[in-house]
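Novice: one predicted model, sequence on top.
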Amino acid sequence: LSLEFGMGNWYLRAWDGRSREIRVFRVDRIKDMKVTADTFEPPPEEEADRPSPGPHGVAAGGEIEVCLRFSPALARWAEEQPIFSQAQMVRGRLVCTLRTDNLSWLERELLRYGTEVEIISPPELKERLRARVKNLLEMYG
């Protein structure tokens, strides 16, 4: 779908046949790829005349504002991330804001940090993550 430069790296936004979703791949981490004759219908939010949202769907003009609260253990790391448009310390925790049009990548990313990051908003991201964790617990619990 697009090849983007951001956060110091090149990213490929493409259809991932395994997950059956659009994913973002960091180009220098691609170990192997094969061009096939397979086709897919991009979702409506991927309209050709619409400007690309950039790596991970983060865009200054994104319609969804996401607010996250990071633990002291991750605060310094989060402060250095260029995806956040705002970052401020509130009662010993770093609160960061970003704008996006795509919550899928963020949902997967937040799972990596467990209890070290809390979703303040939007509520639908909280619910999506809650459902994903519930499914994981049912599978492995």
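Specialist: Right, received. Where do you want to start?

Novice: give me the three-state assignment for the residue nearest to residue 87 when sequence neighbours are not counted.
Specialist: Using C-beta to C-beta, 6 or more residues apart in numbering and skipping residues adjacent in sequence, the residue nearest residue 87 is residue 96, 4.6 Å away. For glycine as for every other residue, the C-beta is placed from the backbone atoms N, C-alpha and C. Going by DSSP: H, G, I helix; E, B strand; the rest coil, the secondary structure assigned to residue 96 is strand.

Novice: also the one 10 residues further on?
Specialist: Secondary structure, three-state DSSP: residue 106 is helix.

Novice: and it, how many residues sit next to it?
Specialist: Neighbourhood size, residue 106 [other C-beta atoms under 10 Å]: 22.

Novice: might one say that it is in contact with residue 125?
Specialist: Yes: if you go by C-beta atoms under 8 Å, residue 106 and residue 125 touch, sitting 6.8 Å apart.

Novice: any shared contact partners between the two?
Specialist: residue 66 (C-beta atoms under 8 Å, 6 or more residues apart in numbering).

Novice: one step back: beta partners of the residue nearest to residue 87?
Specialist: residue 68, residue 87 (DSSP bridges).

Novice: longest helix of this structure?
Specialist: Of all segments of type helix in the chain, defined using DSSP state H, the longest is helix 123-140.

Novice: noted, bye for now.
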